[in-house]
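Peer 1: Sharing a sequence plus its predicted fold:
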Amino acid sequence: MQTLPAAITAEKNKTTGAKPVWILKLSRTGTTPLYISDRVLTITAADGTSQTTKAWVSSWGVLKEGITNGLGEMTIADYDLHLMADPTDAANIIYQVDTYDIETSTAEIQHWYEGMVAGTAAIKKFVGYVKEVSVDQNDEGVSLRLQDATLKLQGTLGTVLDSVTYPLADPDHIGKLLPIVFGTVNKLPALCVDAGWVTSLANQALSTDTTITVSELPSTTVVGKTFYIDAEQVTVTAANTTTRVLTVTRGVNGTTIANHSMGSVVIEKKATPIVFILADHALDTIGEIYIRVAGVDVNITASVTKYLGTSGNQLAAYPGKAAITIATTPAVMQQIWLAINNALDVDQGNHTHPTSTSTTVLRPNNVIYVYGGTLANNYNGTYAQRAFDNDTATYMQGNLAVQLSQVCDGTYNASPGFTYTTVNNIASCLNIRVGVVAECGYDYGSPVRIQLFIKGVMVLNQAIGNVFASGTFYTGWYPFTNMSDLYSYPSTSFAKIVMQNGSDCRCKEIWFEIQTGTATTYSPAAGVALTGDLSLIGNSIANVYTMDQLMANVARTTVATPLLACNDILSRVGYPAATGSSNITTAINGAITTQQSALYWLTRIAFESWALFKVSSAGSKLVPRGAGASQKPITSAMVRNSSRRKSAYEDIINKIALKFDLDYASTSADPYRQTVSDVNSASQTRYGVQDRPDLFLFQFITSSAIATALRDAYLTWYAARHWVHEVEVFLDNIEVEFGDSITLGFITGAPVGFVREARVAPGDDSAPDTITLVVEV
């Protein structure tokens, strides 16, 4: 509700004799403004000066303000009016258009009353700019189209990182927005404005090489600079920019010369620290600092220097901006563990491989495969036994399909393929289990039964696999601490598996797995030829990974409410601060990191606070959504015309999945950490399922309680269709604005409604001054 001077309130409320006046104030570069109306009169201008109006207005447009789109974005329509060219006035509107650059003029539509006491200034009903100027035929007049002052709010908000202002910035960060923080944000990605150069080796570099080939070269020279390759440092003495071959001095600064594989990361060792900007302003606190490497977050807080951006605690080159510095490009060394792969064939004895020397290995999950075998397919219905020793070749592979019940049971006693070299290693065993690849219940639906014998004793007897399922299945783990238990007993007590396939199962592979607790040294038994392939899988050289992004836990607790956040945005575009309701207390925790208009962000913050952001000539405001306490009754005596309709079918929302707590560092298609969902079943029964998932992505909300309350408020409001009343009243209601709550006293029950649109039509000779209010109840 616009606050009016007492003198204007008295005039507008007169039952007779009120003489409303509309005035266009048009600025002119280098001289005084023009005051234009549809009559000549002397007024007291808003600046307190006495002004005489020009009677040039032949028609006034309609002033309109309200909300649009699902977010409830504030909009004021363009305003059109026509000025006639007075042929008796040498300085008429044609002269003004030709003499002054009217398109740069600011414009105000003011409201006044003729006959008021001198000294009462006119009130502003529109503030904006001249958007279009059109001169009539024969210079008979000029049409003006005015655009409201929200023009200032329609440009992109914030500072975009560009290569001119920040020539040393990370190329991957050019074009991104310096974050604007409200409240507390965890793991907010920072932007590197002074980066070290990073590339990779295009070819392998041996320890004896004095030249290296890199994948790319920077635009600046690299000669004389030092670089990390894995843990080694090298200094460049010459560079061929065509072939990307660098001549280098190896192992500088006391580092060890080593072999480096193709793809190894090459990182510049900068003489000055690397700089990351955390926010486009000062912060209250900077907490933990992380880098993300290959999907893993590593805390590097101890390695950085923090600058809040406040006086006495800021980088001279980046005043007023929160930043951190670090000595060099953050990177992580990752050791790749070695694994043993012992793929023994089932055709035991019909081919051999050379005996290898002992090797110490580490295994993923501390599991080794003691034996692996492939079986024939058509052995349904048999009991199959398999001993785990190094058998001789007295049977053929095909016999496995029909004779397994007689194989290896007391016949073969050759030495095992591997044995421990120390007693300590024997104690490193923990558990044993059996794995199979099978088709279970191929015809009738039964699993595979596995019996495991160690030292002649059955220790496992399990049905494994799922009925009518195919795949890899395991028994449970059985405690097992002595590797020699597999083979160092009489042939009648060898470790063995008895496998009952059943008449409708098919097993294709079977093996032991031993789980150990420590690294183990293996060597072939003396004089034994290995009946399989032994290979080591892995990389004995540590891999170096550079970070994917750097993140910081930051807080700006002095700007953590909707009104403070909105005013921070307004100040960035040179717009006066807004006022707001004390009822809007939603905690705001988030950051602006993408390019959108100031008006979008003002509307977004308001939407996430159950509020509306409004701009008017009286100043901008943050007001609660929906009808609040009535600010004015509209009686039947005030109403000229009225009609009503239901709110649009497209506005119905009866299903809400409100996503909140945005992970700003996520690269996922759905970066929100939490969701609260609900539906209105009655509304869905009546209107079908109606949702707008794009509206309910709340990046400034982190509290589950607040998110739930907002979900409930929006679901309650949008699940129903409301009556929308269009009421035409007179100028005694000139103070009513978009966003106000008014009582519709002329309707049964006198409901309180929310003004979603206000239109003012200045009068002329054919029509009275009227106000049209669109009120949703």
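Peer 2: Thanks, I have the structure now.

Peer 1: residue ranges with poor pLDDT in the stretch 301-450 of the chain?
Peer 2: 329-429, 441-446 (pLDDT under 70).

Peer 1: what separates whichever helix or strand L550 is part of from the chain centre, distance-wise?
Peer 2: Element membership of L550, judged by DSSP states H and E, is strand 549-556. Here the centre of strand 549-556 is set off from its chain's centre by 14 Å, with CA atoms, centre = their mean, to the nearest Å.

Peer 1: so what does it touch, helix or strand wise?
Peer 2: Judged by 3 or more CB pairs under 8 Å, 6 or more residues apart in numbering; DSSP states H and E, strand 549-556 is in contact with strand 180-189, strand 285-293. C-beta coordinates here come from the backbone N, C-alpha and C atoms, glycine included.

Peer 1: what comes into contact with it?
Peer 2: Strand 549-556 has contacts (CB atoms under 8 Å, 6 or more residues apart in numbering) with 181-190, 192, 276, 278-279, 281, 283-292, 297, 322, 324, 330, 664-665.

Peer 1: Average pLDDT for the helix ranked longest in the chain, rounded please.
Peer 2: Longest helix in the chain, counting residues (DSSP state H): helix 704-718. Averaging pLDDT along helix 704-718 gives 94.

Peer 1: Could I get the CA-only coordinates of that helix as PDB?
Peer 2: Output of helix 704-718 as PDB, limited to C-alpha atoms (Å, rounded to 0.1, in the frame of the first residue of the first chain):
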ATOM      1  CA  SER A 704      14.500 -29.800   5.900                       C
ATOM      2  CA  ALA A 705      12.000 -28.200   8.200                       C
ATOM      3  CA  ILE A 706      11.900 -25.000   6.100                       C
ATOM      4  CA  ALA A 707      11.700 -27.000   2.900                       C
ATOM      5  CA  THR A 708       8.800 -29.000   4.300                       C
ATOM      6  CA  ALA A 709       6.900 -25.900   5.400                       C
ATOM      7  CA  LEU A 710       7.400 -24.300   1.900                       C
ATOM      8  CA  ARG A 711       6.200 -27.400   0.200                       C
ATOM      9  CA  ASP A 712       3.100 -27.500   2.300                       C
ATOM     10  CA  ALA A 713       2.300 -23.800   1.700                       C
ATOM     11  CA  TYR A 714       2.700 -24.100  -2.100                       C
ATOM     12  CA  LEU A 715       0.800 -27.300  -2.300                       C
ATOM     13  CA  THR A 716      -2.100 -25.900  -0.200                       C
ATOM     14  CA  TRP A 717      -2.300 -22.800  -2.400                       C
ATOM     15  CA  TYR A 718      -1.800 -24.300  -5.900                       C
END
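
Peer 1: P693: how many residues sit nearby?
Peer 2: Using other CB atoms under 10 Å, P693 has 12 neighbouring residues.

Peer 1: Start the count at 49 instead of 1 going forward.
Peer 2: Shifting the count to begin at 49 puts that one at P741.

Peer 1: What is the burial count for the closest residue to it other than its chain neighbours?
Peer 2: Distances taken as CB to CB, 6 or more residues apart in numbering place A705 nearest to P741, at 6.3 Å, with adjacent residues excluded. As a burial measure, A705 scores 15 neighbours (other CB under 10 Å).

Peer 1: mind listing what A705 touches?
Peer 2: T723, V724, S725, D739, P741, F744.

Peer 1: can you check C240 too?
Peer 2: Counting by CB under 8 Å, 6+ apart, the residues that C240 touches are A217, D218, H221, I322, V323, F324, L598.

Peer 1: try it again with 6 Å
Peer 2: Neighbour list for C240: D218, H221, F324 [criterion: CB atoms under 6 Å, 6 or more residues apart in numbering].

Peer 1: Now do the strands in the stretch 649-798 of the chain.
Peer 2: Per DSSP state E, counting those that start in this stretch, the stretch 649-798 of the chain carries strands over the ranges 659-662, 669-672, 680-682, 687-694, 703-710, 720-727, 745-746, 771-777, 789-792.

Peer 1: Go through these and pick out the most buried.
Peer 2: Comparing those by mean neighbour count (mean count of other CB atoms under 10 Å), strand 659-662 comes out on top with a mean of 26.

Peer 1: Now that one: average pLDDT?
Peer 2: Mean pLDDT, strand 659-662: 85.

Peer 1: got it, and stretch 283-300?
Peer 2: 93.

Peer 1: contact partners of it?
Peer 2: T259, I260, T261, V262, L265, V270, V271, K273, T274, Q281, V282, I305.

Peer 1: swap the cut-off to 7 Å and go again
Peer 2: Applying CB atoms under 7 Å, 6 or more residues apart in numbering, the contact partners of stretch 283-300 are 250, 258-262, 264-265, 270-275, 280-282, 305.

Peer 1: which of these count as buried?
Peer 2: When the contacts of stretch 283-300 are checked for burial by 16 or more other CB atoms under 10 Å, the buried set is 250, 260-262, 265, 270, 273-275, 280-282, 305.

Peer 1: quick one: which of the helices and strands packed on strand 597-604 has the weakest pLDDT on average?
Peer 2: strand 333-341 (a mean of 90).
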